[in-house]
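Asks: Need a 3D model of the sequence below.
(chains A, B and C)
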Amino acid sequence: MTDLKIIFNRLAIAYGPLHWWPAETPFEVAIGAILTQNTNWKNVEMAIANLRGEIALTPEALAELPREKLEQLIYPSGFFRQKAERLQLLVEHLQNRHGNRLENLLSQSLDDARRELLQLKGIGPETADSILLYAGELPSFVVDAYTNRLFGRLGVLQGNESYEQVRALFMTQLPTDPVLFNEYHALIVQHCKCFCRKRPVCAECCLNQDCRYAQGSLDSI
DNA sequence: GGCCAGGACACCA
DNA sequence: TGGTGTCATGGC
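Replies: Down below sits the predicted model:
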């Protein structure tokens, strides 16, 4: 069993199952993925609640919103001008290429869908992978700041790896399973909210000072 | 009042 | 190719 599988098992026992992403439709996942860029999820929830209140959580409805109105609705998520543009560019793309259905974009092969998402302004690798995995249920591992922080501390990562290198590490060492990738990323985020941010070592977490992972070396495994 | 949060992009050397 | 500045709100 690889280190990554062992770490997953420990996290899963401690926190799982988490069943991400907190959204009602694939399109809502994509909206959340853009809105959460460098932003606390609580702020995103406020913005999504505003969109829901305007019945604007479909590509058609979002396309009808004037830019200023959209900026006003997503204001709590921060970077509201950038994000309004990014949302409208995504909606325009779905309208022009996929009959207003994100599901059509996601029905392609993983590589084709990922390439297409990455060509859109404002959708980088993490946002694309979040959409692929959580909206499309495609086996694309999501790497985020928490992933780098946690696995850097564990000694799995050196800290100078590129996004694609980290993603490839997880995708080659783990079974190609979207359910596993989904849960793993959710567990990393859940764990880091306790272990990595609030305090250096969380007494009740599964990777505390008594755990070999917290020592920064996995050599003994 | 400062720091951080489930990034991406433009610009520059 | 890699580093830096910019975008911006809300919670702690």
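Asks: Please name the nearest non-neighbouring residue to the residue most central in space within chain A.
Replies: Residue closest to the average C-alpha location in chain A (C-alpha atoms, centre = their mean): A:Ser130, at 4.0 Å. Counting by C-beta to C-beta, 6 or more residues apart in numbering, the nearest residue to A:Ser130 once its immediate chain neighbours are dropped is A:Ala33, at 4.2 Å. (C-beta placed from N, C-alpha, C; glycine too.)
Asks: which intervals of chain A have sub-threshold pLDDT?
Replies: Within chain A, the ranges that satisfy pLDDT under 70 run A:1, A:195-221.
Asks: again, 50 this time
Replies: Flagging of chain A using pLDDT under 50 yields the residue ranges A:198-203, A:209-221.
Asks: and the gap between the residue of chain A found nearest DNA strand B and A:Gln95?
Replies: At 2.3 Å from DNA strand B, A:Gly124 is the closest residue in chain A, using C-beta to the nearest atom of the strand. Going from A:Gly124 to A:Gln95 by C-beta to C-beta, to the nearest Å gives 22 Å.
Asks: Could you name the helices and strands sitting against the helix or strand containing A:Ile48?
Replies: Element membership for A:Ile48, per DSSP states H and E: helix A:41-53. In this structure, helix A:41-53 makes packing contacts with helix A:26-35, helix A:67-74, judged by 3 or more C-beta pairs under 8 Å, 6 or more residues apart in numbering; DSSP states H and E.
Asks: So which of those is nearest A:Phe151?
Replies: Of all the helices and strands packed on helix A:41-53, helix A:26-35 sits nearest to A:Phe151, with 21.5 Å by C-beta to C-beta.
Asks: need the residues of chain A near DNA strand C, please.
Replies: A:38-40, A:42-43, A:46, A:75-76, A:78-83, A:162 (C-beta under 7 Å from any atom of the strand).
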